[in-house]
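Colleague: when you get a sec, could you give me coordinates for this:
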Amino acid sequence: MALVASIHVSLGWDMPDAALSDPQGGAYELKDCMGKNGLVVAFTCNHCPYAIAVWPRLVRHAKTMREMGINTVAINPNIHPDFPEDSIPAMREKLLEWGIDFPYLADETQELAKTFEAQCTPDVYMFDKHGKLYYHGRIDDYWKDEARVTTEELLPAAVALAAGEAAPKIQHPTIGCSIKWLS
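Modeller: Sure thing, here's the model as predicted:
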């Protein structure tokens, strides 16, 4: 496992559109997943300890953000033959095991992860209702143990977005396992 941090991406950046499939073969256009106030796009996977540690928070926060009009989509860029734990069948299992109630999509070509300049799992992006990047950062200040979190960051950004406020001035990078690039 190689520890990597997300890179700075300029706010206001336009969300790229893409068509991806879920583990059951359902097709999704990223733009169609947008909530009335925005969309969180989280590049993540099944096997990375960093991703595993924050999945429960992501699932819980997605419910809270949905009530604010901000939808969530998780995207697995690690569809790689050397990592069967991240395979499409494994994604199906995790949907049930972790109670994921939002689209969990496979980026089989890794083209969307490259377009986003995603670096790690998790790597979290929040777009406003116009598809402009509003927040790119961590969920909170302690990935390893939720009981030791002292500062929430994703949820306050969502509250500010839903209220029409300016984006948070400080946005800390996420950390996680490197994306398992095919080439």
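Colleague: C-alpha from now on. contacts and neighbour counts both.
Modeller: Will do.
Colleague: center of the chain, which residue is that?
Modeller: Centroid-nearest residue in the chain: A42, 0.6 Å away (criterion: C-alpha atoms, centre = their mean).
Colleague: for K169, see how far away that one is.
Modeller: 20 Å (C-alpha to C-alpha, to the nearest Å).
Colleague: go on, A5?
Modeller: 19 Å.
Colleague: so the two - more neighbours on which side?
Modeller: A5 (20 against 7; other C-alpha atoms under 10 Å).
Colleague: ok, now which ones touch the residue nearest to the more buried one when sequence neighbours are not counted?
Modeller: Among residues not flanking A5 along the chain, I175 sits closest, at 4.3 Å (C-alpha to C-alpha, 6 or more residues apart in numbering). With contacts defined as C-alpha atoms under 8 Å, 6 or more residues apart in numbering, I175 is in contact with 3-6, 50, 120-123, 138.
Colleague: same thing with H130?
Modeller: By C-alpha under 8 Å, 6+ apart, the contact set of H130 is G38.
Colleague: secondary structure element for it?
Modeller: H130 belongs to no helix or strand when assigned by DSSP states H and E.
Colleague: one more: the one 5 residues further on?
Modeller: Mapping Y135 onto the secondary structure by DSSP H and E places it in strand 133-136.
Colleague: CA atoms of that strand as PDB?
Modeller: What follows is strand 133-136, C-alpha atoms only, in PDB (Å, rounded to 0.1, in the frame of the first residue of the first chain):
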ATOM      1  CA  LEU A 133     -15.900  22.200  -8.300                       C
ATOM      2  CA  TYR A 134     -16.800  23.600  -4.900                       C
ATOM      3  CA  TYR A 135     -14.800  21.400  -2.500                       C
ATOM      4  CA  HIS A 136     -11.900  18.900  -3.000                       C
END
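Colleague: and the next helix or strand past it?
Modeller: Next element after strand 133-136 (DSSP H and E): helix 154-162.
Colleague: the helix or strand that that following helix is followed by pairs with which strands, and in what direction?
Modeller: Per DSSP H and E, the first helix or strand lying C-terminal to helix 154-162 is strand 175-178. Applying DSSP bridges to the sheet, strand 175-178 is found paired with strand 3-5 (antiparallel), strand 120-121 (antiparallel).
Colleague: could you list every helix and strand in contact with the very next helix or strand once past the first one?
Modeller: Just to be clear, that refers to strand 3-5. Following strand 3-5 in sequence order, the next helix or strand is strand 19-21 (DSSP H and E). The contact analysis (3 or more C-alpha pairs under 8 Å, 6 or more residues apart in numbering; DSSP states H and E) places strand 19-21 against strand 27-29, strand 104-106.
Colleague: make it 6 Å
Modeller: With contacts taken as 3 or more C-alpha pairs under 6 Å, 6 or more residues apart in numbering; DSSP states H and E, strand 19-21 sits against strand 27-29.
Colleague: now the angle between helix 154-162 and whatever helix or strand comes next after the strand it packs on, please.
Modeller: Later in the chain than strand 27-29, the nearest helix or strand by DSSP H and E is strand 38-43. On the basis of axes from the mean of the first three to the mean of the last three C-alpha atoms, to 10 degrees, strand 38-43 is oriented at 150 degrees to helix 154-162.
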